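Chemist: Compute the structure for the input listed below.
(2 chains)
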Amino acid sequence: MRFVDEFRSADKAHALAAKIAELCEPGRQYKLMEVCGGHTHTIYKHGLEDYLPEQITLVHGPGCPVCVIPMGRVDDAMALASQPDTIMTSFGDMMRVPGSKGSFFDAKAQGTDIRMVYSPLDSLKVARQNPDKRVVFMAIGMETTTPSTAMTVLRAAAEGLTNFSIFNNHVTIIPAIKAILDSPDLRLDGFIGPGHVSTVIGCRPYEFIARDYGKPVVVAGFEPLDILQSIYMLMVQLSEGRSEVENQYTRVVPWDGNLAALTAINKVMELRPYFEWRGLGFISHSAMRVRPEYAAFDAELLFEVPGVRVADPKACQCGEVLKGVLKPWECKVFGTACTPETPIGTCMVSPEGACAAYYNFGRMNRRRVVEVSIS
Amino acid sequence: MTDGATWVNQALREHEEHTGSAISRPTAPASEREQQVLDRIDRARKRRPKVREERITMSHGSGGKATRTLVEAVFLDAFSNPLLEPLEDAAQLHLNGSRVALTTDSYVVSPLFFPGGDIGDLAVNGTVNDLAVSGATPLYLSAGFILEEGFPVADLVRIVASMEAAARVAGVQVVTGDTKVVQKGKADGCYINTAGIGVVEHEVSLGVVNAQPGDAVIVSGPIGDHGVTIMLARGELDIEADIVSDTAALNGLVADLLSATTGVRALRDATRGGVATILNEVAAAAGVGVLVNEDAIPVRPVVRGASELLGIDPMYVACEGRMVAVVDGGEADRALAALRSHPLGADAAIIGQITADPPGIVLLKTAFGGTRIVDLLVGDPLPRIC
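Modeler: The predicted structure follows:
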């Protein structure tokens, strides 16, 4: 398939892998964090780690939008959805995320009207077709999906729709990266920057990482060769003692981002003073809320939400996994109490979550398996 | 206490009981600790499954892990008998000296009419295929209809005509039936149940439990056509593509294969859950590994394209006219030639092999050159956000 197969060439991967291995200093360990859950998914889905020398460890970061939704917000969404005459619309990823009273799928089984949509704009279709119902869109995601939610609100306002609102859970990635950099229990050598987020915000917002923390950042695409090339670019910087922001994903990411998308976000939303990230706790200015001018579309203002903070089960170590301090298999309940069938933590739910990716794709003794697959 | 929290506590309690302090000193090397965790997961997966939900969810009907849990924990537990226990596509009965295969399946597809077929031919072909892959010659079907008040008679006539046509092609007859009508809103137009019987004439005993290291794994054609056709036919995705369902009766293809070689160990038609689910059933039942080469799996470009857009894997997408064959390695070429000489098997391909290690696990050698696991999905594949 064009524009896909070119970025999955095994021959090119072997050549890059050899160059990466050459750049490893003997005796030095390298820890590189892929911030974005989409990268985690690609790494596992294509078995990319088979190409890396043992000296390089990939640490999975907090950029999985579903993984960082705290339980209390899921409960709030459930409370909104279970009001009379209400239809909640949600992305498919969100359907299995557990709140303290079960997931959207469980609520649906009990008669709550929750519908999967592929785009926020599909919610407007639902609203138009059901004028006697209130339609609430469960808005989640980082800067990748925020513009489409903003555009949906603008469209709803232009059409004068009165039965549509959003439950805004959009978060911004930079404060989370800063929280990880400031966390004392983690030593990272560099970052594989989030590609899709950067199509919106550009590469400049990462400059503080290189400048103030001395860590190289390479914004990367989502095909396996993109990621391998980004690792190579990070290794070149490390071997030369540089720390800069570089853009591997130039075919999609403009250095200054997408001004039109940023304008749309800014028109409809503003930063919250603080927001809870699952496992990471409260982070200042890390999420968006609807601006007062668009209050008519803000489900949090229109309807009653409990707004209660719900603590994760004690055994759940999602926070450590999201920060990259623990590998998924190092969590106490991984794979036994917490599985894709009965996820306790969010990292086990989304296909982009580190635990789900490891459980579904990487749950094996890599060395033994590689022997089998070569024989 | 709420539903959600109850099972979390229960899962944690069971976890405590079973694991205790199984994981050794944190000072042990990481690879050793990781192996211990893998072993612990392996043991947990072998425990008897439990349905934790208080209500049926859509995941229970997807053909993946949730379905398997429901079947094993509810149905197998209650009906327990040696004929049911292999959980093959059809039960093998011995009646007055002949071997008879019996199967049943219900059809609830939406939309009822889709490119390449409709619920009618699906209801015939699906049941014929369950008999065929058991090594039986399908003979007779029953047909039960559940109709919603208000359903157009013209649509019913159209469905029944296509059932008749499909039965004629497959060489079976519908010999008994039932009709029920439910109030408007209590069903979605038309549901059909068919049961079928056939005789096993070949001296074969097919079953996924027979798979052995060294066997070859073959698929009879491009995978995922039916599932992608249905997803697009629902019209929710605003994607248009030139694709039709692969619904077809496989009994002719199976007969050709079984006449050509005695090396066939197991056949399965890859319906709900797709080829990935079948391969996992093979690995679990026979206690073997399955190693698949991604480059060798036939997938039409349009199916691959739609799957890439939606973030789903064609390996999990349903087919209605494709089967997976596990064949003695020495007979693989002969089996492949037999399949390819039939129109429904023209694009058949050897996609992998059975290995001794790692038992119970399906491994994929990716086109990119890496290795990963192909596990059962919990429920339906969910489209990803970004």
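Chemist: what's the distance between B:Ser80 and B:Glu72?
Modeler: 10 Å (Cβ to Cβ, to the nearest Å). Heads up, the C-betas are built off the backbone N, CA and C, glycines and all.
Chemist: I meant to write A:Gly241 there.
Modeler: 58 Å.
Chemist: about what we covered before: determine which member of B:Ser80 and B:Glu72 has the greater number of neighbouring residues.
Modeler: B:Glu72 (15 against 9; other Cβ atoms under 10 Å in any protein chain shown).
Chemist: so what pLDDT did the more buried one get?
Modeler: Per-residue pLDDT puts B:Glu72 at 92.
Chemist: correct me, but it touches B:Lys50?
Modeler: No. Taking contacts as Cβ atoms under 8 Å, B:Glu72 lies outside contact range of B:Lys50: 9.4 Å.
Chemist: helices or strands up against the strand or helix carrying A:Arg289?
Modeler: In this assignment (DSSP states H and E), A:Arg289 forms part of strand A:288-290. Applying 3 or more Cβ pairs under 8 Å, 6 or more residues apart in numbering or on different chains; DSSP states H and E, one finds that strand A:288-290 contacts strand A:164-170, strand A:269-271, helix A:299-302.
Chemist: Comparing these, which comes out most buried?
Modeler: The highest average neighbour count among the helices and strands packed on strand A:288-290, using mean count of other Cβ atoms under 10 Å in any protein chain shown, belongs to strand A:164-170 at a mean of 26.
Chemist: can you map out the helices along the stretch 1-150 of chain A?
Modeler: A:10-23, A:37-45, A:71-81, A:104-109, A:120-129, A:146-159 (DSSP state H, counting those that start in this stretch).
Chemist: now these as JSON lines including mean neighbour count, mean pLDDT and distance to A:Cys316?
Modeler: What follows is the helices of the stretch 1-150 of chain A, written out as JSON lines (neighbours: other Cβ atoms under 10 Å in any protein chain shown; pLDDT from 0 to 100; distance: least, Cβ to Cβ, whole Å):
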{"stretch": "helix A:10-23", "mean neighbour count": "15", "mean pLDDT": "96", "distance to A:Cys316": "35"}
{"stretch": "helix A:37-45", "mean neighbour count": "27", "mean pLDDT": "93", "distance to A:Cys316": "18"}
{"stretch": "helix A:71-81", "mean neighbour count": "23", "mean pLDDT": "95", "distance to A:Cys316": "10"}
{"stretch": "helix A:104-109", "mean neighbour count": "22", "mean pLDDT": "92", "distance to A:Cys316": "18"}
{"stretch": "helix A:120-129", "mean neighbour count": "19", "mean pLDDT": "96", "distance to A:Cys316": "30"}
{"stretch": "helix A:146-159", "mean neighbour count": "20", "mean pLDDT": "98", "distance to A:Cys316": "27"}
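Chemist: And for residue 273, the neighbour number?
Modeler: Assuming you mean chain A. 10.
Chemist: Chain B was what I was after
Modeler: 25.
Chemist: can you tell me how far the closest residue to it other than its chain neighbours sits from chain A?
Modeler: Leaving aside its chain neighbours, B:Gly273 sits nearest to B:Gly63 (3.3 Å; criterion: Cβ to Cβ, 6 or more residues apart in numbering or on different chains). Distance of B:Gly63 to chain A, computed by Cβ to the nearest Cβ, to the nearest Å: 14 Å.
Chemist: what does B:His18 give?
Modeler: Separation of B:His18 from chain A (Cβ to the nearest Cβ): 7 Å.
Chemist: Equivalent analysis for B:Ala233, please.
Modeler: B:Ala233 is 15 Å from chain A, by Cβ to the nearest Cβ.
Chemist: residues touching that residue, list them.
Modeler: Contacts for B:Ala233 were tallied using Cβ atoms under 8 Å, 6 or more residues apart in numbering or on different chains; they are B:111, B:114-115.
Chemist: Top of those residues by number of neighbours, please.
Modeler: Within the contacts of B:Ala233, B:Phe114 tops the neighbour count with 20 neighbours, counted by other Cβ under 10 Å.
Chemist: any idea how far the closest residue to A:His285 other than its chain neighbours lies from A:Gly257?
Modeler: Distances taken as Cβ to Cβ, 6+ apart place A:Leu271 nearest to A:His285, at 4.7 Å, with adjacent residues excluded. A:Leu271 is 17 Å from A:Gly257, where distance means Cβ to Cβ.
Chemist: hang on, isn't A:Met94 packed against A:Met138?
Modeler: Yes. The pair A:Met94 and A:Met138 passes the contact test of Cβ under 8 Å, sitting 6.0 Å apart.
Chemist: quick one: which of those two has more around it?
Modeler: Neighbour count, other Cβ under 10 Å: between A:Met94 and A:Met138, A:Met138 has more, with 29 against 26.
Chemist: For the more buried one, give the beta-bridge partners.
Modeler: A:Met138 has these beta-bridge partners by DSSP bridges: A:Phe167.
Chemist: Sort out which residues of stretch B:205-220 are buried, please.
Modeler: Buried residues in stretch B:205-220, defined by neighbour count with 16 or more other Cβ atoms under 10 Å in any protein chain shown: B:206-211, B:215-220.
Chemist: Tabulate those (CSV), appending secondary structure.
Modeler: Output for the buried residues of stretch B:205-220, formatted as CSV (DSSP: H, G, I helix; E, B strand; the rest coil):
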residue, secondary structure
B:Leu206, coil
B:Gly207, coil
B:Val208, helix
B:Val209, helix
B:Asn210, helix
B:Ala211, coil
B:Asp215, coil
B:Ala216, strand
B:Val217, strand
B:Ile218, strand
B:Val219, strand
B:Ser220, coil
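Chemist: tell me the contacts of the residue in chain B that chain A sits nearest to?
Modeler: In chain B, no residue comes nearer to chain A than B:Gly370, which is 2.0 Å away by Cβ to the nearest Cβ. By Cβ under 8 Å, 6+ apart, the contact list for B:Gly370 reads A:46-51, A:224.
Chemist: residues in contact with B:Gly369?
Modeler: Per Cβ under 8 Å, 6+ apart, neighbours of B:Gly369: A:10, A:13-14, A:47, A:50-51.
Chemist: Quick check: which of the residues you listed are also close to chain B?
Modeler: A:10, A:13-14, A:47, A:50-51 (Cβ under 8 Å from any Cβ of the partner chain).
Chemist: For those, work out which two are farthest apart.
Modeler: Largest separation among these by Cβ to Cβ: A:His14 and A:Gly47, giving 13.3 Å.
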